[in-house]
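> I'd like to go over a predicted model; first the sequence, then the structure.
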Amino acid sequence: MAGLRLAALGARVPCRRWGGAAVCGFRRGLSAWLARKPEGTPRWPPACRQKSSVSFLSRPELPNLAYKKLKGKSPGVIFIPGYLSNMNGTKALAIEEFCKSLGHACIRFDLSGVGNSDGNLQECTVGKWRKDVLSIIDDVAEGPQILVGTSLGGWLMFHAAIARPQKVVALIGVATAVDGLVTQFNQLPVEESERQNSTFLCLA
């Protein structure tokens, strides 16, 4: 993908304490990106480092999404949770606290059917959750974004980056479950895999 930079975090890095939470390897990759100060980037006052509050994104014909937005400077960070995980997990809170310490914007949210967001979990699909991520990027985030995806959120992160290359400047994967979905798909019977593939093409 042209212009898309990928922060690789595969190396095992010893954990250390930061802001009251244990933060491991992702810190170095995220720090490197947030430390970049392009020419002309305005300096945000400390007042931008404020506590996030719960909000809801209303979407016609789609479930409302619960999210928390921390205001700050660019680039912002969007945390994409894993399967059945919500925005109050330890990784989401640690990333928000880290962004707050540097004055950067941060968004964490619940996917449809999970946490405080509306929707029926039994009716949710990867395609619908992909739309959730794009809705957050399009309607909540401001300016360029760094996507941090964990587990299934890593799969959604890649799809969102492909769909919004002009807004996504970097990707950080935390135990991304990209190969897991592909493996499960390849194990389906031929008839079912063809049906699922047709459904996916319609959603893309």
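The structure has been received and is ready for your questions.
> Mind checking what secondary structure P63 has?
Under DSSP: H, G, I helix; E, B strand; the rest coil, the three-state class of P63 is strand.
> low-confidence ranges in this structure?
Within the chain, the stretches with pLDDT under 70 are 1-53, 178-182, 184-185, 192-204.
> now the helices for it?
All helices of the chain, identified by DSSP state H, fall at 26-35, 90-102, 126-139, 152-163, 178-186, 190-203.
> In PDB, list the C-alpha atoms belonging to the third one.
What it means is helix 126-139. Taking Å, rounded to 0.1, in the frame of the first residue of the first chain, the C-alpha atoms of helix 126-139 are listed here in PDB:
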ATOM      1  CA  VAL A 126     -16.200  -9.000  10.300                       C
ATOM      2  CA  GLY A 127     -17.700  -6.900   7.500                       C
ATOM      3  CA  LYS A 128     -19.900  -5.000   9.900                       C
ATOM      4  CA  TRP A 129     -17.100  -4.500  12.300                       C
ATOM      5  CA  ARG A 130     -15.000  -3.200   9.500                       C
ATOM      6  CA  LYS A 131     -17.700  -0.600   8.900                       C
ATOM      7  CA  ASP A 132     -17.500   0.300  12.600                       C
ATOM      8  CA  VAL A 133     -13.800   1.100  12.300                       C
ATOM      9  CA  LEU A 134     -14.300   3.200   9.200                       C
ATOM     10  CA  SER A 135     -17.200   5.100  10.900                       C
ATOM     11  CA  ILE A 136     -14.800   6.000  13.700                       C
ATOM     12  CA  ILE A 137     -12.100   7.100  11.300                       C
ATOM     13  CA  ASP A 138     -14.600   9.100   9.100                       C
ATOM     14  CA  ASP A 139     -16.900  10.700  11.700                       C
END
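> Next, count neighbours for E191.
E191 has 8 neighbouring residues, counting by other Cβ atoms under 10 Å. Every residue, glycine included, has its C-beta placed from N, CA and C.
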